[in-house]
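1. after the sequence you'll find the predicted model.
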Amino acid sequence: MENLIALLVGAPLLGAAVLLCGGRRLDRTGHWIGTLLAAVSFAIGLALFADMLGKGAEERALYQRLFTWIPVEGFQADIAFQLDQLSMTFVLLISGVGTLIHVYSIGYMEHDERRRRFFGYLNLFVAAMLLLVLADNYLLLYFGWEGVGLASYLLIGFWQHKPSAATAAKKAFLVNRVGDIGLSIAIMIMFTTFGTFAFGPVLEASGQASQGTLTAIGLMLLLAACGKSAQVPLQSWLGDAMEGPTPVSALIHAATMVTAGVYLIVRSADIFNAAPDAQLVVTIVGAVTLLFGAIVGCAKDDIKKALAGSTMSQIGYMILAAGLGPIGYVFAIMHLVTHGFFKAGLFLGAGSVMHGMNDEVDMRKYGGLRTYMPVTFVTFGLGYLAIIGFPGLSGFFSKDKIIEAAFAKGGAEGWILGAVTLLGAAITAYYMTRVMLMTFFGEKRWQPDADGNPPHPHESPRSMVIPMVLLAVGSVAGGAVFEFAGFVEWLEPVTGYEHGHPPIGAAAVTACTVAVMVIGVGLAYLQYGRRPVPAVAPRGSLLTRAARRDLLQDDFNHAVFVTGGTHLTRSLVYVDHSLVDGVVNGTAASVGGLSGRLRKLQNGYARSYAVSMFGGTAVLIAATLLMRAV
Amino acid sequence: MFGTSTAFPLLTVTAAVPAVGAILTAAVPAARRTAAKWLALLVSLATLVLAGIVFARFEPGGERYQLTESYAWIKDFGVRYELGVDGIGVALIALTALLVPFVILAGWHDADPLETSSKRWRPTQGFFALILMVEAMVILSFEATDVFLFYILFEAMLIPMYFLIGGFGDRAHAGSDENAAAQRSYAAVKFLLYNLVGGLIMLAAVIGLYVVAGNFSLTEIAGARANGSLEIATSTERWLFLGFFFAFAVKAPLWPLHTWLPNAMGEATAPVAVLITAVVDKVGTFAMLRFCLGLFPEASKWATPAIVVLALISIVYGALVAVGQRDIKRLVAYASISHFGFIILGIFAMTSQGQSGATLYMVNHGISTAALMLVAGFLISRRGSRLIADYGGVQKVAPVLAGTFLIGGLATLSLPGIAPFVSEFLVLVGTYARYPVAGVIATTGIVLAALYTLVLYQRTMTGPVKEEVRKLPDLRPRELAVVVPLIAVLIFLGVFPKPLTDVVNPAVRHTMSDVQQKDPQPEVEAAK
Amino acid sequence: MSAHLAAYATSTGEAVQFWVLGTVAVIGALCTILMRRAVHSALCLAGTMIILAVFYLANGAYFLGVVQIVVYTGAIMMLFLFVVMLVGVTAADSLKETIKGQRWWAVACGLGFGILLSAGIGNASLTEFAGLGAANGARGGNVEGLAALIFTKYVFAFEITGALLITASVGAMVLTHRERTERARTQRELAEQRVREGKHVPPLPAPGVYARHNAVDVPGLLPDGTPAELTVMGTLRKRGQIRDVSAEAMADLKALEQRSEERLGRDRDARDQDAFGRDRDEEEANR
Amino acid sequence: MNPVNYLYLSALLFTIGAAGVLIRRNAIVVFMCVELMLNACNLAFVTFSRMHGNLDGQIVAFFTMVVAAAEVVVGLAIIVSVFRARHSASVDDASLMKL
């Protein structure tokens, strides 16, 4: 059975290779090949899942070792896979949602002449993401980590003719690279500390390492997670990443890739458990991002950017949960999966709306669409209810658990974190309601696009609708299924679990959650449901304006890194040319001048040469005499 | 240990084939230009086959230097014609033999005489003959185990390189023809002077070595030093080490001795630039491993901190300056400087990971730079300009070119799955194990690498299509034949570098024992 | 002075002789290098050489003494004089130094050299003093002694010098001999040419006839007092050996110094030089 | 009187000759100065031969004379032909070694 694991990765990888090298002759069939291979991977995943369910909790983990990747004195990196419950969860999420989004893209990218390449990139992404979650050592994980980064770069910049897209892609890759520094340094520390970086040995031995070392590793892993999961301070790329096609935003920047950070932390649970300081930082980062994303989400008029803010904030929840330790890991993953469903669904809905509105993204130019695209409305609505944590839907269970866990952390931290999570829940409800109202309710605020032809919204083709429906189902049922099918028991052998007891009791927490949710919805309704939405954004309060600009984070980056870096490189180029090179050229010039002056002595007169000869003789005699005298 | 020579002088033949081929190529009459090209290509392929045989005949488990040959050359000074390869040499010979055919293929039309030139003029023959001559000398220098012989080759290869740079410049030049010629000769002379100065100092050190050691045989001297029969005073050893190291640091440009490289690579044609950075410069880093560490272990350890600092400066500085470049080829040159910093860092980290990584890095950097530079050369030859600003949206009109260019770039920023990642990560790990701070600083290099590569790609390939590039054709079959195999090798070595590491590891073990260094042990013994 | 005396000791007579003649020799040498005209230099040098011959004799080298007189003063110096006549007084005879600082350097080096040389001689331990009596007496005379050495010990050197002399004379001939390219024109042809060209149809005027002199190198003066170059024979004219109207010589001088100036790039001095040359020119003309 | 004085005299003459070579421009005079130097050497030789009481010094002087004669012959011939070619016997004139 374990020999199938390689196929999980292999199938989409094959697809990518075929599609990218295949050339134009595959333009006609390319998207089918891509979708098929993604589906194959999903099927294998299901098969393995079934097999895994058949076994006892302990021997569920499967291992497959292909070959030695980097065999060097004292440094053994293998191409080897590890499929345990945690990986399994991700495999199903990735390949499942991935397949759905492949299907969706068939319709969405219909009119793009580079569709074949798009599917190639999608397959590449799926392969890399599966490699990431299946790796049995950190170096191979790094391989997948960078692979998804590449795929995301290619897909964000898929419409390369748009400078904005190219820039966004570059930005995403660079910010991720900054995170990658963390991962590679973490691996280096592991290697020097444990002499290996395979999950098993490292996590086992992690207890024996010194506190400082573990904290260092933990913080470095966190840095990596921040880069990949768009957490503060490395979150700036996610908003721009929405330049990519909407399926990409749904798959990569909502459902799967951005959650890799959470996977990394949960996977390294033992290290974090042994390093409380690192854990604390993790929770802080999560909490900050949670609020940050939520606030940004409230201010954006671009529907995708609003959703991106929301993604950021939801991942903040997960990171926070992961930072809570054994009481939170399971719920981080759980929320990750449910979020994968409903956020993907929301993005696909947004894509469907844009599809109908000539790719208009400004919500202020939507309005009253519920009658024109009912299916989109329903699926989007379900996703909306799920994310705000409407009781019974998936988001409710996962988020509620996280809030409980936050309170259960205990002490002042517990109270603070719990408050933050509650506040976040309220804001989530607020901005999601805002999106909902601005898009589907109220009067039409449509405007003709650049070419002047007015939008005539319509329901999207079936290939796009089906995935939305399926995801909606997932976002409705997912939570309940996990809750009652025992997701905790399922993951517990891998991540460990201990039940957290919130000081005010679970029921109370749930009540608070629902309450704040209602408050958030109500506020949003008062602001956007009762009054007409202005077609042009009002100036808004200082906070609003800051939030529209991602809370000035980009401006900061630009001022510090971009401008500073530009000046630095300019000055260095100058230094290189005039200083380092100048010294050399200066030497050459001075030598030339000296020889030119010496040349003057050669005036061509035999007599003056004779003089020097004569003088030379005199000197010789003097020398000999001196030698004699001495 | 060197009395016996193998029955068949394989190493000599491997070096002799391109040399003879060069002479033959040069002798081809002016009219038969194409014949000369094909001859050169065939010769280089034959060399590749021979190199493959060497690679196959070399037993990783066997003696340190294999396939040895040894003949007396200048008896009075104990100079011997002494050849032998260890794993590092084998790997680099393979690299050289692998790259040269692609260089020749890529430079197929670079040396065609202009319409204006006279019928009797035969630049093409000269161009390919010089390339083959360089190949011969480089291969032989990788084989030489006699210091004097190595020195001769180290200097001699400057001559063909000088003519390749000064004689066959990049026709896509911003300025007028006179301006181009002037800059070209400036670059060539700069290249020559820099390396001659280095070589001169090395010559002094070589003589000094002879004075103290009494012969030139690397193996004998190293052996004598190992078993203590040859004592060299500490100060003497340090001076000799510095003499050697200076020459090698110029050749493998180490900050601040690097400024000749951008000029040379900028002015030379892309294939020649590849020859410079991917093949010739490797002699420098190779010699650091074999001669500096092999002959002067103590001095090497003494100088390590300074060299590590210089290497770090090279890494960061080169990358930053690369970001600021306006000229594609100069950008690649500065990127190479940054990469050479990594190589030298790995060598002097004195850990087996670092040194294996450095050796792999030499090979991988050669191939990846070749891929990137040659594609860039194809692009430049189409548009006739080296300035990044003159391009834009190429990806739209020439997707294959853009794709290969991107892969080359990704290799340069050492993306996992492509060969350079393996070596770079090994170097980083090896460095971190001994000098954590240096390891961390060097890690920033991966971000900077991403920066200059992606900026280059974005400005040239993406965005709205510029009017001038609207008509650019995509890669032609000949050019595909150059790029595709290189990329294939890159990806293969990125996923399965074992064939290379198997050869390299024993050599690294020997070097580590030369410098009497042990890898730092992990503080926690994890269950393997 | 007597040979015996010289043979073994230095008498007061020799001392006197040395001091007197030595002074003269030095003066001669100085004159040689300071005289403006080559002829005078040659004569002074001849004098110095004769004195040296006397010194040889005083040192008991009778053969060399004679040879010195015969060969040097008799042959070589005469050869010099002939060449001087052949080449004549050229502008080169000006003592004006054209190379910047040459003269000072020369003097400085000369002084230093001389002083050092003397110092060398001084601290050389030249105490023993054999005298030539035995050596000359061995074969019954200085000449026999030399002969014995030349024809035994130095015979090869001697032969080779002979060869050298032959070669030298042949070489001298080769160098100086000039092949006549075209037939010399007869007097008739010359006359016809004169008539054809229509100038100087009558024979050329004789030199100095109407002037104060009648020497061949003094040009006759035209009615307005300007010298008529024509009256001087061509050879002299070509050599610039027209005595008091040495316009050509001055011209040569100027030309030469002009060339030198250009080489040294010192035009200003050159101009002074011209002035100098010109006014000296006038003096002579007036005299 | 100490015959060493002869040596001083020869040194003096030699120096004067050398100075003349350096100062004079007329090739003929330069040549004369060379002869003067040769003679000075001869004087030294003769004096030495007297001091050491053997005739070899005189032999050398003799050969010097012969060689000098040959040299003069050739040298003067050269001067004459140079003069014919350039109408000048100046040393500066004849030697343009500079580019």
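-> Alright, I've got the coordinates.

2. correct me if wrong: residue A:209 contacts residue B:524.
-> Yes - checked against Cβ atoms under 8 Å, the pair residue A:209 and residue B:524 is within contact range at 5.1 Å. C-beta: built from backbone N, CA, C; applies to glycine.

3. okay, those two: which has more neighbours?
-> Neighbour count, other Cβ atoms under 10 Å in any protein chain shown: between residue A:209 and residue B:524, residue A:209 has more, with 23 against 19.

4. mind listing what that one touches?
-> The neighbours of residue A:209, taking Cβ atoms under 8 Å, 6 or more residues apart in numbering or on different chains as the test, are A:193, A:194, A:274, B:523, B:524.

5. try 10 Å
-> A:189-190, A:193-194, A:202, A:216-217, A:271, A:274-275, B:522-524, B:526 (Cβ atoms under 10 Å, 6 or more residues apart in numbering or on different chains).

6. distance of it from chain C?
-> 83 Å (Cβ to the nearest Cβ, to the nearest Å).

7. how deep is residue C:192 tucked in, by neighbour count?
-> Residue C:192: 12 surrounding residues under other Cβ under 10 Å.

8. close to chain B: what parts of the stretch 1-150 of chain A are there?
-> A:20-21, A:23, A:66-77, A:79, A:114, A:117, A:128, A:131, A:139-147, A:149-150 (Cβ under 10 Å from any Cβ of the partner chain).

9. select from the contacts of residue A:209 the one having the most neighbours.
-> Counting by other Cβ under 10 Å, top hit in these: residue A:190 with 31 neighbours.

10. tell me the residues that contact both of residue A:209 and residue B:524, please.
-> With Cβ under 10 Å, 6+ apart as the test, residue A:209 and residue B:524 both reach A:190, A:193, A:194, A:202.

11. about what we covered before: closest one of the contacts of residue A:209 to residue A:557?
-> Checking the contacts of residue A:209 against residue A:557 by Cβ to Cβ gives residue A:216 as the nearest, at 25.3 Å.

12. tell me the helix or strand right after the helix or strand hosting the closest one.
-> Assigned by DSSP states H and E, residue A:216 belongs to helix A:211-228. Following helix A:211-228 in sequence order, the next helix or strand is helix A:236-240 (DSSP H and E).

13. any idea of the mean pLDDT in that next one?
-> Taken as a whole, helix A:236-240 has a mean pLDDT of 88.

14. how about the helix holding residue A:216, does it get close to chain B?
-> Yes - judged by Cβ under 10 Å from any Cβ, helix A:211-228 comes into contact with chain B at A:213, A:216, A:220.

15. paired strands for the longest strand along chain A, with orientation please.
-> In chain A, taking DSSP state E as the definition, the longest strand is strand A:62-72. In the sheet, strand A:62-72 lines up against strand A:75-83 (antiparallel) (DSSP bridges).

16. remind me what the helix or strand following the strand it pairs with packs against, helices and strands.
-> Heading C-terminal from strand A:75-83, the first helix or strand you meet, by DSSP H and E, is helix A:85-108. The contact analysis (3 or more Cβ pairs under 10 Å, 6 or more residues apart in numbering or on different chains; DSSP states H and E) places helix A:85-108 against helix A:5-22, helix A:30-53, helix A:115-134, helix A:246-250, helix A:260-267, helix A:329-356, helix A:462-485, helix A:487-495.

17. in the first one, which residues are buried?
-> By neighbour count, and taking 16 or more other Cβ atoms under 10 Å in any protein chain shown as the criterion, the buried residues in helix A:5-22 are A:5-16, A:18-20, A:22.

18. which other helices and strands does that helix contact?
-> Using 3+ Cβ pairs under 10 Å, 6+ apart: helix A:5-22 touches helix A:30-53, strand A:62-72, strand A:75-83, helix A:85-108, helix A:115-134, helix A:138-156.

19. give me the neighbour count for the residue lying closest to residue B:366 once chain neighbours are set aside.
-> Nearest residue to residue B:366, sequence neighbours excluded (Cβ to Cβ, 6 or more residues apart in numbering or on different chains): residue B:278, at 3.8 Å. By the criterion of other Cβ under 10 Å, residue B:278 has 28 neighbours.

20. who's in contact with residue B:278?
-> By Cβ under 10 Å, 6+ apart, the neighbours of residue B:278 are B:95-96, B:98-100, B:102-103, B:336, B:362-363, B:365-371, B:373-374.

21. let's go with 6 Å and repeat that
-> B:99, B:366, B:369, B:370 (Cβ atoms under 6 Å, 6 or more residues apart in numbering or on different chains).

22. between those, which sits nearest residue B:206?
-> Of the contacts of residue B:278, the one sitting nearest to residue B:206 (Cβ to Cβ) turns out to be residue B:366, at 26.6 Å.

23. touching, the closest one and residue B:95? I think so.
-> Yes - the criterion here is Cβ atoms under 6 Å, and residue B:366 meets it with residue B:95 at 4.9 Å.

24. what about the helices in chain D?
-> In chain D, helices defined by DSSP state H lie at D:4-23, D:27-52, D:56-86, D:91-94, listed in chain order.

25. what helices and strands are in contact with the longest one?
-> Pointing back at helix D:56-86 there. When contacts are defined as 3 or more Cβ pairs under 6 Å, 6 or more residues apart in numbering or on different chains; DSSP states H and E, helix D:56-86 packs onto helix C:77-87, helix C:155-176, helix D:27-52.

26. for those helices, give me a markdown table that also has mean neighbour count, mean pLDDT and distance to residue A:299.
-> Conversion of the helices and strands packed on helix D:56-86 to a markdown table gives the following (neighbours: other Cβ atoms under 10 Å in any protein chain shown; pLDDT from 0 to 100; distance: least, Cβ to Cβ, whole Å):
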| stretch | mean neighbour count | mean pLDDT | distance to residue A:299 |
| --- | --- | --- | --- |
| helix C:77-87 | 19 | 85 | 109 |
| helix C:155-176 | 14 | 91 | 108 |
| helix D:27-52 | 25 | 91 | 103 |
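
27. setting aside sequence neighbours, what's the nearest residue to residue 79?
-> With no chain named, the answer covers chain A. In space, residue A:79 is closest to residue A:66, 4.4 Å off (Cβ to Cβ, 6+ apart).

28. my question was about chain D
-> residue D:27 (4.9 Å).

29. sec struct for residue A:453, please.
-> coil (DSSP: H, G, I helix; E, B strand; the rest coil).

30. next one: residue A:503
-> coil.

31. with residue C:21 instead?
-> helix.

32. most proximal residue of the stretch 51-200 of chain C with respect to chain B?
-> Nearest residue of the stretch 51-200 of chain C to chain B (Cβ to the nearest Cβ) works out as residue C:100 at 35.9 Å.

33. quick check, that residue in a helix?
-> No - Residue C:100 is assigned coil when assessed by three-state DSSP, not a helix.
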